[in-house]
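# How does the following fold in three dimensions:
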Amino acid sequence: MPSVFTWPVRVYYEDTDAGGIVFYANYLKFFERARTEWLRAAGINQQELIASDNAGFVVKSATIDYHAPARLDDELRLTLVIEKLGRASVQFAQKAYKGDTLLVEANVKVGCVDLANVRPRSLPEHVADKMRAA
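Residues are numbered from 1 along each chain as shown. Model (predicted):
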């Protein structure tokens, strides 16, 4: 069973739309934060990755399903699981919950690129090892 990473997020006024609910695109920002914190927790420093390997991560694709709204001041629990670790990409399953209620779920594919030409490249082995261990 893959390891589940959890990250808390509170909904701020800036996250909501005119109807007082979280604007749909902001869930992608929440999920980005969770992936960044997961990398930190796994011991992967993105600034060091850029400096030492000239490598970075870009989102290749995302599918997202909305089930229920979140509102101002709600405390959300974001989860992340690696579904597939490829040679040059990582497929994540991410979810947002309020309590036990599933609000949003997404599948996000992230690719590793060479920052000099923004072309796909293999994950550095030390990064892939840390991802496998997370």
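# which residues in the chain form strands?
Taking DSSP state E, the strands of the chain run over residues 5-10, 55-66, 75-85, 89-98, 101-114, 119-120.
# what's the angle between the first one and strand 75-85?
With axes from the mean of the first three to the mean of the last three Cα atoms, to 10 degrees as the basis, strand 5-10 and strand 75-85 are set at 150 degrees to each other.
# 280 is where my numbering starts, stick with that
Got it, the first residue is 280 from now on, which makes the last one we talked about strand 284-289.
# Remind me what strand 284-289 packs against, helices and strands.
helix 305-320, strand 354-364 (3 or more Cβ pairs under 8 Å, 6 or more residues apart in numbering; DSSP states H and E). All C-beta atoms are positioned from the backbone trio N, CA, C, and that covers glycine.
# same deal with the fourth one?
If you count contacts as 3+ Cβ pairs under 8 Å, 6+ apart, strand 368-377 packs onto helix 305-320, strand 354-364, strand 380-393.
# Please name whichever of these is nearest to Ser340.
strand 380-393 (4.6 Å; Cβ to Cβ).
# what does the closest one rub up against?
Under the contact criterion Cβ atoms under 8 Å, 6 or more residues apart in numbering, strand 380-393 has outside partners 306-307, 310, 314, 333-349, 355, 362, 367-376, 398-403, 406.
# Can you flag the buried ones in the residues you listed?
306-307, 310, 314, 334, 336, 341, 343, 348-349, 355, 367-376, 400, 402, 406 (16 or more other Cβ atoms under 10 Å).
# thinking Leu318 is in contact with Gly335, fair?
No - if you go by Cβ atoms under 8 Å, Leu318 and Gly335 don't touch, sitting 11.3 Å apart.
# hey, what's in contact with both of these two?
In contact with both Leu318 and Gly335: Gln325, using Cβ under 8 Å, 6+ apart.
# what's the neighbour count on the nearest residue to Leu357 once chain neighbours are set aside?
Counting by Cβ to Cβ, 6 or more residues apart in numbering, Ala313 is the residue found nearest to Leu357 once chain neighbours are left out, at 4.2 Å. If you count neighbours by other Cβ atoms under 10 Å, Ala313 ends up with 25.
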